[in-house]
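Student: Show me how the following folds:
(2 chains)
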Amino acid sequence: MRYSKLIGKTKRQKMQTSNAVSHQLLLKAGFITPVAAGIYSFLPLGFRVLEKVDHIIKEELEKRGVQHLIMPFVHPAALWKESGRFGKMKRILAVFKAQHGGEYLLAPTHEETVTDIARKFVISYKDLPCIVNQNQWKYRDEIRVNAGLLRTREFLMQDAYSFDIDEKGLEESFALISDAYKAIFLKMGFETVVVKADSGAIGGSGSEEFMVLSSAGEDKIIVCDSCQYKANLETAESISPSYPQEKDIKLMRAVLGKGIIGVEELAKFLNIPIYQTTKTLLYQVDNQVIAVCVRGEYQINETKLHNYLKCTILALASEDTVKKLTKAKVGYAGPVGLPKNIKIIWDLTTKDRINFEAGANKTDYHNLNVNFDRDVTKPEEFIDVRLIKSGENCIKCKKGKIKELNTIELGHVFKLGTIYSEAMAANFIDKKGKSKPIVMGCYGIGMTRILSAAIEQHHDDKGIMWPKEIAPFLVQLISLSGGEKNAEKLYHKLMEKNIEVLWDDRDESAGVKFADADLIGIPIRLVVSNKTGDKVELKYRNKKDIQLYSESRLLEILK
RNA sequence: CGGGGCGUAGCGCAGUUGGCUAGCGCGCAUCGUUCGGGACGAUGAGGUCGGCGGUUCAAGUCCGCCCGCCCCGACCA
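Tutor: Sure thing, here's the model as predicted:
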């Protein structure tokens, strides 16, 4: 490819405002261009990277016996009503009516369509196990997009689906794809961490995420410094420190603390430790309101809460609702004296406390010396619904300390089980002639996101440093004055040898060409000029030294 | 959805309290000089000032509504 003809030249000025380096570099170097919020065109350079990613993924999956197919981007709404997700995933679904009246949506994922295929074609146990894959666009009507390609509305995703006769088969398929993912990410130059994760709206019995550490990432994982425990913060557990408690139960009393809402300020004012305070939050859960109590120093983990309640809608109750139910301003809610019909969920950390503090459901008042049984009903069980904190002890080995790390989620694997096959009647006939639901798994990689993640991992202050396997070209050839003819000859020789080359054939100064090459980030830079004579200068993007080679020696090196 | 910022040439921006043919830098085109780390001079092309409506003798500038983009938060596979 001649750079002079390339659509998507570099920009000399910064583009837009974005806090993510990868976003800035992708725009500046001419890989992508925005079309709408969270929707991008991939220019030739960006598209070439996507093609590399596509190729690596397909190759690794094919090696393991996975079959490729492609399913539509537009789905009939009826299919989603059948699985029950039309309502469940409503907030991210882009639904539209066709002019002739049918109701459709843009596919955010493909469990429904693949299950539909399975029920039509997987008829006998002899068809199983089998795994199908597609690399296909998705659309999720995200309420907020972020950091260029890291979170977009439209994105390219590799999604594979496995079908098995039983749980044992699912485990094998799951392990097969996990293994493929490790190989894929390694090939692309990523060091990934595999963590336990929440399965969210996809559902199923278990899931794991493939994460790459990055400060630009929006996901947080926790790792133990002593054992192998790793988990997404959303599902992570830990041992919360317990504190000594008083022996004698004291009289409960309400204390006036005007305008004091935050637990730190409150603890100071009441002269009690923060761990004796209680946060009480009211949540709107589908059609009812519930209260959640957690020890003062913690926040509530809404993913855990959501999973425990198995509800559709979970959101903090509105200010009006809180005022109505607590008969107080927001900030004074507490378990004592709430309307009887409001269920209270108590976090594990509130379990063994005596004489604790809690809001009094009266503006400016706080109850001291609250106790279970006497003042509030002791719950049958305490539930882990808190967001854990760095520095606490590991839930697995009990002694290690856990810490929090920022990551980008590149892949996610789910054990679906039979939730879709049962909802959509995707059955097979087993050896004994009995009809059984197919046991499914699903596996996804965010392909467009990989561009951003790779740049976040590999760049310097001059630009991108693409890993060889996903670079748009292997070499960038630069011709400087006096070297045009030799460069053209070399350009054709490289192409004959199937070495991917981008030739900067513009009539530009050396500085411009070098700066652009650094920005674009192709792994190998070749220079031909009157200074190099009949030799060629080679420099790797990620190294400083420069070497001169004869043309024949160079071609050997590049082979 | 809440908070904040913004919308003027392909890109980055300036445009006083409303005032005449709407500017600057980069990029682009032509010519000349330069030619190994973002060169210089000259000339030139390029604009429904996000849209609609209103106020006014006069609107990029004031008012209203709408649309879009960016950032933070909540949310999310």
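Student: Just the strands from the stretch 101-250 of chain A, written as ranges.
Tutor: If DSSP state E, counting those that start in this stretch is used as the criterion, the strands of the stretch 101-250 of chain A fall at A:103-106, A:130-139, A:154-164, A:192-196, A:206-213, A:219-224, A:230-232, A:238-239.
Student: If you count contacts, what does the shortest one end up packed against?
Tutor: Contacting strand A:238-239 under the criterion 3 or more CB pairs under 8 Å, 6 or more residues apart in numbering; DSSP states H and E are the following elements: strand A:393-394. Just so you know, the C-beta spots here come from the backbone N, C-alpha and C atoms, and that holds for glycine as well.
Student: cool, and the fourth one?
Tutor: Using 3+ CB pairs under 8 Å, 6+ apart as the contact criterion, the secondary-structure elements in contact with strand A:192-196 are helix A:167-187, strand A:206-213, strand A:219-224, strand A:230-232, strand A:402-417.
Student: Just put the strands of the stretch 101-250 of chain A in CSV and tack on distance to residue A:186, mean pLDDT and mean neighbour count.
Tutor: What follows is the strands of the stretch 101-250 of chain A, written out as CSV (distance: least, CB to CB, whole Å; pLDDT from 0 to 100; neighbours: other CB atoms under 10 Å):
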stretch, distance to residue A:186, mean pLDDT, mean neighbour count
strand A:103-106, 33, 91, 18
strand A:130-139, 19, 96, 19
strand A:154-164, 16, 96, 24
strand A:192-196, 8, 84, 19
strand A:206-213, 11, 87, 22
strand A:219-224, 19, 84, 20
strand A:230-232, 18, 81, 22
strand A:238-239, 30, 84, 18
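Student: possible to save these as a markdown table with distance to RNA strand B?
Tutor: A markdown table is the format used below for those (distance: least, CB to the nearest atom of the strand, whole Å):
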| stretch | distance to RNA strand B |
| --- | --- |
| strand A:103-106 | 12 |
| strand A:130-139 | 7 |
| strand A:154-164 | 7 |
| strand A:192-196 | 12 |
| strand A:206-213 | 8 |
| strand A:219-224 | 7 |
| strand A:230-232 | 9 |
| strand A:238-239 | 20 |
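Student: pLDDT score for residue A:496?
Tutor: The predicted local confidence for residue A:496 comes out at a pLDDT of 96.
Student: Nearest the middle, which residue of chain A would you pick?
Tutor: residue A:409 (3.5 Å; CA atoms, centre = their mean).
Student: neighbours of the residue of the stretch 251-400 of chain A found nearest RNA strand B, just the number please.
Tutor: Going by CB to the nearest atom of the strand, RNA strand B is nearest to residue A:302 of the stretch 251-400 of chain A, at 4.3 Å. Residue A:302 sits with 17 neighbouring residues when counted by other CB atoms under 10 Å.
Student: My guess is it contacts residue A:309. True?
Tutor: No: when contacts are counted by CB atoms under 8 Å, residue A:302 is not listed as touching residue A:309 (10.1 Å).
Student: Checking the residue nearest to residue A:155 when sequence neighbours are not counted next. Helix, strand or coil?
Tutor: When the adjacent residues along the chain are set aside, residue A:155 lies closest to residue A:448, with 4.5 Å between them (CB to CB, 6 or more residues apart in numbering). Assigned state for residue A:448: helix (three-state reduction, DSSP: H, G, I helix; E, B strand; the rest coil).
Student: re earlier: I'd guessed the residue nearest to the centre of chain A sits against residue A:208; true?
Tutor: No: Residue A:409 lies out of contact with residue A:208 (CB under 8 Å); the separation is 10.8 Å.
Student: quick one: residue A:78 and RNA strand B, what's the gap?
Tutor: For residue A:78, the distance to RNA strand B (CB to the nearest atom of the strand, to the nearest Å) stands at 22 Å.
Student: helix, strand or coil for that residue?
Tutor: Remark: residue A:78 carries the secondary structure label helix [criterion: three-state DSSP].
Student: Burial check on it, number of neighbours?
Tutor: By other CB under 10 Å, the residues close to residue A:78 number 12.
Student: what's near enough to touch it?
Tutor: The contact partners of residue A:78, by CB atoms under 8 Å, 6 or more residues apart in numbering, come to residue A:103.
Student: what domains does the record give for chain A?
Tutor: A:3-236+A:404-455, A:253-387, A:473-558 (automatic domain parsing).
Student: So residue A:469 lies in a strand, does it not?
Tutor: No: following the definition three-state DSSP, residue A:469 is helix and is not counted among the residues of a strand.
Student: what's the neighbour count on it?
Tutor: 16.
Student: cool, the one 4 residues further on as well?
Tutor: Around residue A:473 sit 21 other residues, with neighbours defined as other CB under 10 Å.
Student: same check, this time on residue A:449
Tutor: The number of residues packed around residue A:449, counting by other CB under 10 Å, is 24.
Student: For it, give its distance to RNA strand B.
Tutor: 9 Å.
Student: that older thread, weakest of the domains of chain A in terms of mean pLDDT?
Tutor: When the domains of chain A are compared on average pLDDT, domain A:253-387 comes out lowest at a mean of 83.
Student: Do me a favour and get the end-to-end distance for that domain?
Tutor: 30 Å (CA to CA, to the nearest Å).
Student: cool, and stretch A:467-486?
Tutor: 28 Å.
Student: secondary structure class for residue A:357?
Tutor: Looking at residue A:357 with three-state DSSP, the answer is strand.
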